[in-house]
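Undergrad: Coordinates for the following, if possible.
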Amino acid sequence: MRVGVYIDGLNLYYGGQHLCGGYERGWRWHDVSALANRLISRNPRWAAQEAAAHRIVYCTAIFVGEENFSTRHQQETYLAALRATGRIVVEEGTFVARHVSGQTTTGGVRMTIKVYEEKGSDVNVASHLLIDLHTDQIDAAVLIANDSDLRLPAQHAREHLPLGTVNPRGTPTAQALRGRPNDGTGGHWWYSLTSDDFFACQLPKIVGGHRWPPGW
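TA: Residues are numbered from 1 along each chain as shown. Down below sits the predicted model:
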């Protein structure tokens, strides 16, 4: 069974922060290919059909802004390592800056601040899932995200193939992404990640010349 795995990378990253502790070491250098096959192997029905990750798409956006320079460099190193494995497609969205007017905590002086919003990851996740489904690239799929905006593509996918829906944050699945195991083709399942899923699935310290950032 050919399984496509579609990942909202920032959703996964912030899920790791929540589950593992923002400053804890040992979880950020995450091997998403190992995670994908770890999740697939836990489903007895899929395991019986020799299911394996056939295609892995990691959708994210590069942090921008001078204040994020160090984070950006680390993120770029990580994405280069994922690409170097030869097993993962990295699809990049963007961060868009916008100015927000607010009020300071003292003096009542209003000021404008710049904030960044990530754009494109949910659309890229949905697009890759549906393109692969309708071009017969996969027999089943795993969606690693908990974004309600993915409700429609998840529902559509369940009409055509078995879908595993994985919440990166370890909390209950978003209402919009819930369904029933027997919807459409049937054989669907849901799972919430744990800290063990991060710590147990780590890349080698050096991948294709790209080195694990100290402190990660």
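
Undergrad: all strands in the protein, in order from the N-terminus.
TA: Here the chain has its strands, by DSSP state E, at 2-8, 52-60, 88-92, 94-103, 110-119, 140-144, 163-167, 189-192, 206-207, 210-211.

Undergrad: now what about the third one, what contacts it?
TA: Contacts of strand 88-92 from elsewhere in the structure, counted by C-beta atoms under 8 Å, 6 or more residues apart in numbering, are 32-33, 55-62, 79, 82-83, 120, 124, 128. All C-beta spots, glycine's among them, are computed from the backbone N, C-alpha and C.

Undergrad: which helix in this structure runs the most residues?
TA: In the chain, assigned by DSSP state H, the helix with the most residues is helix 69-84.

Undergrad: how near is the closest residue to Asn124 other than its chain neighbours to Met1?
TA: Computed as C-beta to C-beta, 6 or more residues apart in numbering, the closest residue to Asn124 that is not its neighbour in sequence is Cys59, at 4.1 Å. To Met1, Cys59 is 23 Å away according to C-beta to C-beta, to the nearest Å.

Undergrad: Looking at these two, which is more packed in?
TA: Using other C-beta atoms under 10 Å as the criterion, Cys59 and Met1 rank with Cys59 on top: 27 against 17.

Undergrad: got the contact list for that one?
TA: Taking C-beta under 8 Å, 6+ apart as the test, what Cys59 contacts is 6-9, 90-93, 120-122, 124-125, 128.

Undergrad: and with 10 Å instead?
TA: 6-12, 89-93, 120-128, 144-145 (C-beta atoms under 10 Å, 6 or more residues apart in numbering).

Undergrad: same question for stretch 34-43, mean pLDDT?
TA: The average pLDDT within stretch 34-43 is 96.

Undergrad: Can you tell me the closest non-neighbouring residue to Pro213?
TA: Nearest one to Pro213, counting by C-beta to C-beta, 6+ apart, is Gln74 at 4.5 Å.

Undergrad: So what's the residue count around the one you found?
TA: Per other C-beta under 10 Å, the neighbour tally for Gln74 reads 19.

Undergrad: That one is in contact with Trp216, isn't it?
TA: Yes: counting by C-beta atoms under 10 Å, Gln74 touches Trp216, with 7.1 Å between them.

Undergrad: what do those two both touch?
TA: 28-29.

Undergrad: Would you mind listing which of the contacts of Cys59 are buried?
TA: Buried residues within those, counting neighbours by 16 or more other C-beta atoms under 10 Å: 6-12, 90-91, 93, 120-122, 124-128, 144-145.

Undergrad: before we move on, back to that, okay, the longest helix of the chain in CSV with CA atoms only?
TA: Backbone C-alpha positions of helix 69-84 (Å, rounded to 0.1, in the frame of the first residue of the first chain) are rendered in CSV as follows:
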residue,chain,number,x,y,z
PHE,A,69,17.6,35.8,11.9
SER,A,70,19.0,33.0,14.1
THR,A,71,15.7,31.0,13.9
ARG,A,72,15.7,31.4,10.2
HIS,A,73,19.2,30.1,9.8
GLN,A,74,18.4,27.0,11.9
GLN,A,75,15.2,26.4,10.0
GLU,A,76,17.0,26.6,6.7
THR,A,77,19.6,24.1,7.9
TYR,A,78,16.8,21.7,9.0
LEU,A,79,14.9,22.0,5.7
ALA,A,80,18.2,21.4,3.8
ALA,A,81,18.7,18.2,5.9
LEU,A,82,15.2,17.0,5.1
ARG,A,83,15.8,17.5,1.4
ALA,A,84,19.1,15.8,1.6
